[in-house]
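Undergrad: after the sequence you'll find the predicted model.
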Amino acid sequence: MAQGRRRRQEPQAPLPLHRQPRQALRGRRHEADQPGEAACCCACFKGCASVHPCLAPQSEYTVPAAVKAAGYGICAEELSSVVESHDIKKLKAHGGTEGLLSKVSTSESDGVSTSKDKLASRQEIFGINKFAETEARSFWVFVWEALQDMTLMILAACAFFSLVVGIATEGWPKGAHDGLGIVASILLVVFVTATSDYRQSLQFKDLDKEKKKITVQVTRSGYRQKLSIYELLVGDIVHLSIGDQVPADGLFVSGFSLLINESSLTGESEPVAVNAENPFLLSGTKVQDGSCKMLVTTVGMRTQWGKLMATLSEGGDDETPLQVKLNGVATIIGKIGLVFAVVTFAVLTESLFRRKIMDGSYLSWSGDDALELLEFFAIAVTIVVVAVPEGLPLAVTLSLAFAMKKMMNDKALVRHLAACETMGSATSICSDKTGTLTTNHMTVVKACICGKIKEVDKSSNTKSLFSELPDSVMTMLSQSIFNNTGGDVVINQDGKREILGTPTETAILELGLSLGGDFQAVRKATTLLKVEPFNSAKKRMGVVIQLPGGAFRAHCKGASEIILASCSKYLNDQGNAVPLDSATIAHLNATIESFANEALRTLCLAYIEVAQGFSANDAIPEEGYTCIGIVGIKDPVRPGVKESVAICRSAGITVRMVTGDNINTAKAIARECGILTEGGLAIEGPDFRTKSAEEMFKLIPKIQ
């Protein structure tokens, strides 16, 4: 970490233009090679400080009167500078994270007050978490863009010459018919194209607004709740977990194993460890691993992401592959037509000159000769008009607009029209399972605790299902469920109990509560020492807790096969931890397979006693666990999925499912969706990767 900070302080050579944003975000420092230049910089800084107290050196920093009157101990500019420059010294001068919590009138446990007056005061002093939006382009901008089409430009030139020649030779209005016809076709193409693009831009603007309606979990007035990122204010305590995007600039308050992907801002692919020593979090980055509580310090256009967005302009839409090809065809045909037109005009003109020479009148030219030349030119223009496929732009525009409208009727808004054409050539669709083919509303429907398999039904008394088991087992189960989780059980502002977390975590917590467990009581009775959050690579999650008596215990949960393989004992129906024998292992593996064949997602819960003296820097054990039980989670298939798969298959498209679940669970759900058919192959990634290239090519057509 220290080396990373030293690297930032070293002078850096100028970067290429495409790397400039990264350089700016790291806080470019200019060297003053001459004493006079250094003095000038110093004087300039002092001059700026006299203008705004927030820009003064820390020893001279004074809180602006308006900020102080509102009850805060720091202004927005000073807060922004702390995070932007990654200035640990300045942060410490303000009392560290704890000091800033106090200065922005918030706390880690309660967050900001939900009083309307206080929220309004925060908005006035620190701003809101919204970025400046570019104005929507007017209809006439799209008209102008449509006129830039090369084919239309050629037609416009032809229309002009056709009008000139036609009126000169045949008079008005007879001579203007052809030219006006070309003008009418140009206007039709332009206005149809512009109207389609304008409506599309408005729809995409609405779509962008919908896509940006991201919710995050925030603590306000002691209640953990979901809020839109646009409602965030300075002082909010935001809960971040794997996959979340950091919604504003802020500081790490508390958390475990937090890794942040800053590639969107810095270009660095290596994740950055964020902790108490390096507490800075930047908006637009993503949580790659771990979880934390974050103090929001900067919102809106003052954030690093906001400043970066302000330097970028909205790019225009690229032409679709079909438009590129047809425009190429139109250009080639137009050039060929132009060549023939020039040759025709040259041949006709040459015949006129030869006739004049033979008649001996090449020095005397009459009005009839001029009209004859204009007729030759009109013939040449006609050749160009006939050759240029003026219907192509209109045909492309109408067909794409029609395709887009049809897809909108099916509740699919295409962001890039090129995708429409690409999908038209698709022969295979690889789909995720959870949340795509399934509803992502999970519930525990079966459980095997201490070897006892029970069906869990919400309509019945779940607590009585395991009434024959000892209290020690139920205590251990509750401890495992409520401590080893990324979710939370809160009382919302309506006084009702609410479960927050991923669908899987919610399902497990619901089971714990239905068994009579008390989430808050269990959490208060133990101290959380270390957390290793779940990720798709490890397929497991683990925590280490300190028990009331001072002993240490680790709990883990995850993919059943992986967790069971790390167990050497299991809890029997007497509540005793006994060695796993071959018969018990066979029974548990059969249970996992049975659950999976019923399209249930299985998770195994286990624990291990940890030696005294465990610290947060120590690794959580990976072997020697005691199996508590296995739960089967049902994630229902979405209505209409089977019919959609059948339609794809009838169109010659192969649908494949890709998932990280147990292969038997995957097979069961694939059959339910109509994806896995007779003769189809289901294969696990590690097995597939061991195959040779020749074997892979033979297997791929069968894989479903």
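TA: Right, received. Where do you want to start?

Undergrad: now Ile703: closest residue in space, sequence neighbours ignored.
TA: Leu681 (5.1 Å; CB to CB, 6 or more residues apart in numbering). For every residue, glycine as well, the C-beta is placed using N, CA and C.

Undergrad: what pLDDT does the model give the most centrally placed residue in the chain?
TA: Closest residue to the average C-alpha location of the chain: Gln245 at 8.1 Å, with CA atoms, centre = their mean. pLDDT recorded at Gln245 is 88.

Undergrad: distance of the nearest residue to it once chain neighbours are set aside relative to Asp244?
TA: Distance criterion CB to CB, 6+ apart; nearest residue to Gln245, sequence neighbours excluded, is Lys286 at 5.4 Å. Distance, Lys286 to Asp244, using CB to CB, to the nearest Å: 7 Å.

Undergrad: just confirm Val473 is within a helix.
TA: Yes. Using DSSP: H, G, I helix; E, B strand; the rest coil, the assignment for Val473 is a helix.

Undergrad: quick check: the gap between it and Ala586.
TA: Note on Val473: its distance to Ala586, by CB to CB, is 22 Å.

Undergrad: Ser364 now?
TA: 114 Å.

Undergrad: circling back to that earlier point, now do the contacts for the residue nearest to the centre of the chain.
TA: Gln245 makes contacts with Ile214, Gly284, Thr285, Lys286, Val287, as judged by CB atoms under 8 Å, 6 or more residues apart in numbering.

Undergrad: I'd like to know which of these are buried.
TA: Buried members of these, counted by 16 or more other CB atoms under 10 Å: Gly284, Thr285, Lys286, Val287.

Undergrad: name the element Ile608 belongs to?
TA: strand 600-610 (DSSP states H and E).

Undergrad: follow-up on the earlier one: phi, psi of the residue nearest to the centre of the chain?
TA: Here is the backbone geometry of Gln245 (degrees, to the nearest 10): phi -90, psi 130.

Undergrad: which neighbouring elements make contact with the longest helix seen in the chain?
TA: The residue-count maximum for a helix in the chain (DSSP state H) belongs to helix 321-359. Applying 3 or more CB pairs under 8 Å, 6 or more residues apart in numbering; DSSP states H and E, one finds that helix 321-359 contacts helix 150-170, helix 367-387, helix 391-409, helix 417-424.

Undergrad: export those to a markdown table and tack on mean neighbour count and mean pLDDT?
TA: Compiled in a markdown table, these are given as follows (neighbours: other CB atoms under 10 Å; pLDDT from 0 to 100):
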| stretch | mean neighbour count | mean pLDDT |
| --- | --- | --- |
| helix 150-170 | 19 | 76 |
| helix 367-387 | 17 | 76 |
| helix 391-409 | 16 | 70 |
| helix 417-424 | 15 | 71 |
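
Undergrad: want to throw the ones you listed into TSV with distance to Ser615?
TA: Formatted as TSV, these follow (distance: least, CB to CB, whole Å):
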stretch	distance to Ser615
helix 150-170	70
helix 367-387	81
helix 391-409	56
helix 417-424	51
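
Undergrad: quick one: closest of those helices to Asp117.
TA: Asp117 lies closest to helix 391-409 among these, at 43.9 Å (CB to CB).

Undergrad: can you give me the helices for the stretch 601-704 of the chain?
TA: For the stretch 601-704 of the chain, the helices defined by DSSP state H, counting those that start in this stretch occupy 641-650, 663-673, 685-689, 693-699.

Undergrad: if you compare those helices, which one is most tucked away?
TA: Of all the helices of the stretch 601-704 of the chain, helix 663-673 has the most neighbours on average by mean count of other CB atoms under 10 Å, namely a mean of 20.

Undergrad: other residues contacting that one?
TA: Contacts to helix 663-673, defined as CB under 8 Å, 6+ apart, come from residues 433, 437-438, 592-593, 595-602, 635, 637, 641-642, 645, 657, 659, 661, 676, 682, 684, 704.

Undergrad: relative to Gly360, which of the helices and strands packed on helix 321-359 is closest?
TA: Using CB to CB, those put helix 367-387 closest to Gly360, at 14.2 Å.

Undergrad: quick one: distance of the closest one to the chain centre.
TA: Taking CA atoms, centre = their mean, to the nearest Å, one finds the center of helix 367-387 at 59 Å from the center of the full chain.

Undergrad: got the domain ranges for this protein?
TA: Annotated domains of the chain cover 1-31+63-129+232-313, 443-634, 641-702 [automatic domain parsing].

Undergrad: would you convert those domains into TSV that also reports distance to Cys420?
TA: Converted to TSV, the domains of the chain look like this (distance: least, CB to CB, whole Å):
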stretch	distance to Cys420
domain 1-31+63-129+232-313	26
domain 443-634	31
domain 641-702	15
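
Undergrad: shouldn't the residue nearest to Gln245 be in contact with Ser241?
TA: No. Counting by CB atoms under 8 Å, Lys286 does not reach Ser241; the two are 11.1 Å apart.

Undergrad: okay, Arg29: pLDDT?
TA: 36.

Undergrad: just the element for Met294, please.
TA: Of the helices and strands defined by DSSP H and E, Met294 is found in strand 286-298.

Undergrad: next: Leu308.
TA: Assigned by DSSP H and E, Leu308 falls in helix 304-311.

Undergrad: alpha carbons only: can I get stretch 104-115 in PDB?
TA: Taking Å, rounded to 0.1, in the frame of the first residue of the first chain, the C-alpha atoms of stretch 104-115 are listed here in PDB:
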ATOM      1  CA  VAL A 104     -21.500  16.000   8.500                       C
ATOM      2  CA  SER A 105     -23.900  15.300  11.400                       C
ATOM      3  CA  THR A 106     -24.300  11.500  10.900                       C
ATOM      4  CA  SER A 107     -23.300   8.300  12.600                       C
ATOM      5  CA  GLU A 108     -22.400   4.800  11.500                       C
ATOM      6  CA  SER A 109     -25.300   3.200  13.400                       C
ATOM      7  CA  ASP A 110     -28.100   5.600  12.700                       C
ATOM      8  CA  GLY A 111     -27.100   7.500   9.500                       C
ATOM      9  CA  VAL A 112     -28.700  10.900   8.700                       C
ATOM     10  CA  SER A 113     -32.000  12.100  10.100                       C
ATOM     11  CA  THR A 114     -35.000  11.700   7.800                       C
ATOM     12  CA  SER A 115     -36.400  15.000   9.000                       C
END
